[in-house]
Structures are given as C-alpha cells and as structure tokens.
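Peer 1: the sequence and its predicted three-dimensional model are supplied below.
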Amino acid sequence: MPLLMIFDWDGTLADSVNAIVSCKHSLAAQHHLPPPQPEVIKQVLGMNFEEAMTICFPTATPSLFAILCREFQQLIQDELYQARLFPQVKEMLFALKTKNIKLAVATSKSRVALNKALIDTGLSDNVFE
C-alpha cells in the first residue's frame with residue numbers, strides 16, 4: 001500500500017510569513033495606519049481573510065477596509081511578496097517522490113494561489129497528487 005504524506009504550505013514548506021508581514025506593513029505605511037505586530041499577523045494566518053484583515057487593521061474605516069483587502073490581494077501577488085521554499089524542501093520532496101511516496105499539500109490558499117506558488121517555486125512538475 002503506498003504511503004501518503006500531506007504537508008502544510010505556509011510555514012512548513014514555504015516561508016510565507018515574512019512575505020505576508022512585509023505586505024501588510026507596506027499597506028499600513030501607504031495608508032498611514034499603525035502596522036500590525038508580526039505576532040498578530042502570525043496568529044491570524046489560516047483564518048477567514050476578512051476576519052484576519054479586521055484584526056490586523058482594527059482602525060480602518062469600512063471604506064478603507066475594502067480598499068485594504070483589495071490592495072492586499074493584488075500586492076501579495078507581486079514577486080516581492082512571494083513565499084520562498086525553506087532550504088532543502090525541494091530536494092526532500094523530490095527524494096520522497098522517487099521512493100514512490102504520494103505527496104499532497106493542505107492549505108487555506110485558493111487552488112489558483114496554490115498552483116501559482118507551485119509554479120513560482122518550481123514544484124509544478126506533478127510533485128503533488
């Protein structure tokens with residue numbers, strides 16, 4: 001019977017936390033808001049997007065909040081804010097794959113966002129089932 005290993009994307013395979021912190025700090029500076037503390041940003045990862053943004057930007061007016069959400073979704077796609085694989089992750093995954101271990105990713109990202117991340121990190125070669 002084949003073995004299946006399931007990995008979380010954010011914080012396990014890829015260092016996305018620093019990118020998300022930088023992106024939210026950039027938004028705060030652009031809109032003259034207090035930057036959310038990195039610990040707060042880390043605590044809301046995996047939460048519903050709007051709820052997480054509300055916690056990160058509690059002083060934003062409803063109209064500014066809508067702008068922040070839209071701009072975050074656009075800005076996080078920028079190359080500057082793309083998650084990077086942790087060292088040796090790619091090599092580890094390919095080594096597991098050569099041993100016929102099925103690999104999968106569990107994430108709160110949308111399928112489109114995950115596909116983009118896989119392509120950006122060079123893992124789109126059918127590494128995951």
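Peer 2: Received it, and whenever you're ready, just let me know what you need.
Peer 1: so L118 sits right up against F128, yeah?
Peer 2: Yes. Counting by C-beta atoms under 8 Å, L118 touches F128, with 7.3 Å between them. The way it works is simple: take the backbone N, C-alpha and C, and place the C-beta from them, glycine included.
Peer 1: tell me how the chain divides into domains.
Peer 2: 4-14+84-120, 17-81 (automatic domain parsing).
Peer 1: can I get these in JSON lines with mean pLDDT and mean neighbour count?
Peer 2: Below are the domains of the chain laid out as JSON lines (pLDDT from 0 to 100; neighbours: other C-beta atoms under 10 Å):
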{"stretch": "domain 4-14+84-120", "mean pLDDT": "91", "mean neighbour count": "14"}
{"stretch": "domain 17-81", "mean pLDDT": "94", "mean neighbour count": "15"}
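Peer 1: how about the helices in this structure?
Peer 2: Ranges of helices within the chain are 17-30, 38-44, 49-56, 62-75, 89-98, 111-120, based on DSSP state H.
Peer 1: what lies in contact with the second one?
Peer 2: This means helix 38-44. For helix 38-44, the external contacting residues (C-beta atoms under 8 Å, 6 or more residues apart in numbering) are V17, I20, V21, K24, E51, A52, I55, C56.
Peer 1: list the contacts of P34.
Peer 2: Contact partners of P34, counting by C-beta under 8 Å, 6+ apart, are A28, T59.
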